[in-house]
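Participant: make a model of this:
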Amino acid sequence: MKKYILGVAALAVLGFTACRKIEMDGQPIIIEVPGPGGGTGGTTGKTVTLKGTITKDTTLRAADNNTISGFVYIDNGATITIEKGTTVKGDYLSGEASTLIIKRGAKIMAAGTASQPIIFTSSNPNPVSGDWGGIVLLGKASINSNNAGTGTTTRLYAPEGGFSNSTNGAVAGWGDAVAPAAVDNDNSGTLQYVRIEYAGNAYLPNQEINSLTMAAVGSGTTIDHVQVSYAKDDAFEWFGGTVNCKYLIAYKTQDDDFDTDNGYSGSVQFGLIIRDSSIADVSKSEGFESDNDAQGTTLTPQTKPVFSNISIFGPRANANSVGNSNYLGSAIQIRRNSSLSLYNSAIIGWTNGILIDAGTGRATDLNIGSAAGNDSTLRLRGNIVFTSSFGTAMGYTVNGTPTGMSAATLNTWFLASGNRVVTTAPEVNFTRPFDYSNPDWTPTGNSPLVSATAPFDFTDALIAARPFIAKVSFVGGLAAGGEYAIWHKGWTKF
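Facilitator: Model prediction:
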């Protein structure tokens, strides 16, 4: 009885200032703050806090104050819809790394517009990198890991980050009652015109949460026009899956920008990677990092995505701007039996362009095939590496048994495969690529990226077989003019 009276008293006091609605069956906590002149203020002024597991369809509105507190799970069968122009804040004061987790069978429908983007950011008045966790999409598509399953008939994957355990069902992949078999066209929803800021929390040592994690996400999912800024760990990471993405921006990431693992096989076109010379991770930072799995095994499906039209701006504006000593020095590291392929992309301001790391186990360099690359599963074609006077196009390391490949052979293969090395300074070929206060990454009209001799390649069999990838007449993420020169403007923040 005493507990009941105290509850009534507390609600009575609250009633003078707000109408509080608390749903205990999977709905968010909603606090309606009175508007001017009394009442609840119509549709404005509500504070909506997402906590725990959401089991019912929920809509976050642009007029409200929306917060993610702790690990928030959208359960199987539920959809969270986020109106265009909405801001959602991750609670940086919670005891956990506040993270929005879309479980298998759930959906997120976050369709912003160029004029009204959806913003996921920190609740910290003075936000910093790693204030909150980020967004995690867990799908039912193919993946080569089985770290949350048993036997040979399952492929269940629990991503790192501390949010997945044996009871909450926050795993990706297939082989249980939720997904008896892989669903490669699985649909986890929509992310369009979305910014994710100050996320990527290191929840525990070796348990980092990426700003946008996509684990076994299927090709029915729509992901385009997404900017990740100031990520503490990786900006975008794909663990298996088949999802295709367009118009991605990684801005001032601490660790890696695009990380692909565990059998990811989708397509990604049009991207900007923009590094800051003073920001890097102790684990070494790269634009791309790609593994088949952590051990470099031959598990299938193999990691073999195709990326096209990416501009990768590194930390080195010139030979003297070494930047943070934690930079590994390579824009792209392909290792551990990965067959990631890169087409029609530009690498600018890195000590080394592409590093093929044979590593241990089955060597990555076996995936490049002959010197012409026609029999390869790892293809690099139509790319331009701007080395200026301080960099090299290709690098090669062997941590295990040598395979016969050498750096000289690798460079021969690279040039024979339709790529180019340009030694003129990047400032000649882009507008203001390293002006951190007023940047402009658009290529100049006489840049080799947009000239009549630009080496772009959309006819190679591997890329031609992917209709998701549009055929354009330039190399890199941006054209010198037209619609492909402005896709990164209006909805972004630099």
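
Participant: return the set of buried residues in stretch 151-165.
Facilitator: Within stretch 151-165, the residues scored as buried using 16 or more other C-beta atoms under 10 Å are Thr154, Arg155, Leu156, Tyr157, Ala158, Pro159, Glu160, Gly161, Gly162, Phe163, Ser164. In this view, the C-beta of every residue, glycine as well, is placed from N, C-alpha and C.

Participant: nope, stretch 120-137 is what I was after
Facilitator: Under 16+ other C-beta under 10 Å, the buried positions of stretch 120-137 are 120-123, 127, 129-137.

Participant: can you check stretch 267-277 too?
Facilitator: Ser267, Val268, Gln269, Phe270, Gly271, Leu272, Ile273, Ile274, Arg275, Asp276, Ser277.

Participant: in strands only, show me the buried residues of stretch 120-137.
Facilitator: Phe120, Thr121, Ser122, Gly134, Ile135, Val136, Leu137 (DSSP state E).

Participant: between which two of those residues is the distance greatest?
Facilitator: Spanning the widest gap among these are Ser122 and Leu137, at 20.2 Å by C-beta to C-beta.

Participant: so what's the nearest residue to Arg316 once chain neighbours are set aside scoring on pLDDT?
Facilitator: Excluding its sequence neighbours, the residue lying closest to Arg316 (C-beta to C-beta, 6 or more residues apart in numbering) is Gly349, at 4.5 Å. If you check Gly349, the pLDDT there is 87.

Participant: okay, Gly349 and Val48: tell me how far apart.
Facilitator: Noted for Gly349: a distance of 42 Å to Val48, by C-beta to C-beta, to the nearest Å.

Participant: and the two? which has more neighbours close in?
Facilitator: Comparing Gly349 with Val48 by other C-beta atoms under 10 Å, the one with more neighbours is Gly349, at 26 against 19.

Participant: that one against Ala425, yeah?
Facilitator: No - at 9.9 Å, Gly349 does not count as touching Ala425 under the criterion of C-beta atoms under 8 Å.

Participant: and the residue positioned nearest the centre of the chain, what are its bridge partners?
Facilitator: Among the residues of the chain, the one closest to the centroid is Phe236, at 1.5 Å (C-alpha atoms, centre = their mean). Per DSSP bridges, the residues bridged to Phe236 are Leu212, Phe258.

Participant: spit out the contact partners of it.
Facilitator: By C-beta atoms under 8 Å, 6 or more residues apart in numbering, the residues touching Phe236 are Asn210, Ser211, Leu212, Met214, Val226, Val228, Cys245, Leu248, Ala250, Asp257, Phe258, Asp259.

Participant: does the third one touch Gly134 like I think?
Facilitator: It stands for Leu212. Yes - at 6.1 Å, Leu212 and Gly134 qualify as touching, with contact defined as C-beta under 8 Å.

Participant: anything in contact with each of those two?
Facilitator: Shared contacts of Leu212 and Gly134, defined by C-beta under 8 Å, 6+ apart, are found at Ile196.

Participant: next up, the contacts around Ser447.
Facilitator: Val428, Asn429, Phe430, Ala480.

Participant: try Thr424
Facilitator: Contact analysis of Thr424 by C-beta under 8 Å, 6+ apart lists Phe386, Ser388.

Participant: spit out the residues that contact Gly349 and Ala425 alike.
Facilitator: Phe386.

Participant: only the buried subset of the contacts of Ser447, as a PyMOL command please.
Facilitator: Entered in PyMOL, the line below selects the buried ones among these, by 16+ other C-beta under 10 Å:
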select buried, resi 429+430+480
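
Participant: biggest separation within the contacts of Ser447, which pair?
Facilitator: Val428 and Ala480 (13.7 Å).

Participant: need the residues touching each of those two.
Facilitator: Residues touching both Val428 and Ala480 (C-beta under 8 Å, 6+ apart): Thr444, Ser447.

Participant: look up how far Asn210 lies from Ala235.
Facilitator: Counting by C-beta to C-beta - Ala235 and Asn210 are separated by 7 Å.

Participant: who touches both of the two?
Facilitator: Gly200.

Participant: what's the neighbour count on Leu138?
Facilitator: Residues lying near Leu138 (other C-beta under 10 Å) number 33.

Participant: isn't it up against Asn168?
Facilitator: No - Leu138 is beyond contact range of Asn168, at 10.9 Å (criterion: C-beta under 8 Å).

Participant: output the lowest mean pLDDT helix or strand found in this protein.
Facilitator: Sorted by mean pLDDT, DSSP states H and E, the helices and strands of the chain end with helix 2-15, the least confident at a mean of 33.

Participant: that older thread, and the residue nearest to the centre of the chain, how close does it get to Ser330?
Facilitator: Distance from Phe236 to Ser330, counting by C-beta to C-beta: 18 Å.

Participant: same question, Glu427
Facilitator: Applying C-beta to C-beta, the value for Glu427 to Ser330 is 22 Å.

Participant: between those two, who's got more neighbours?
Facilitator: When Glu427 and Ser330 are compared on other C-beta under 10 Å, the one with more neighbours turns out to be Ser330, at 28 against 15.

Participant: where does the closest residue to that one other than its chain neighbours land in three-state SS?
Facilitator: Nearest residue to Ser330, sequence neighbours excluded (C-beta to C-beta, 6+ apart): Leu355, at 3.9 Å. State at Leu355, reduced to three classes by DSSP: H, G, I helix; E, B strand; the rest coil: strand.

Participant: hang on, Arg335 packs against Asn367?
Facilitator: No - judged on C-beta under 8 Å, Arg335 makes no contact with Asn367 at a distance of 10.8 Å.

Participant: about what we covered before: which of the contacts of Phe236 lies closest to Asp375?
Facilitator: When these are compared against Asp375 (criterion: C-beta to C-beta), the nearest one is Phe258, at 25.8 Å.

Participant: could I get the contacting residues of Pro433?
Facilitator: So Pro433 contacts Phe313, Ala317, Ile348, Gly349, Pro426, Glu427, Pro439, Asp440, Trp441 (C-beta under 8 Å, 6+ apart).
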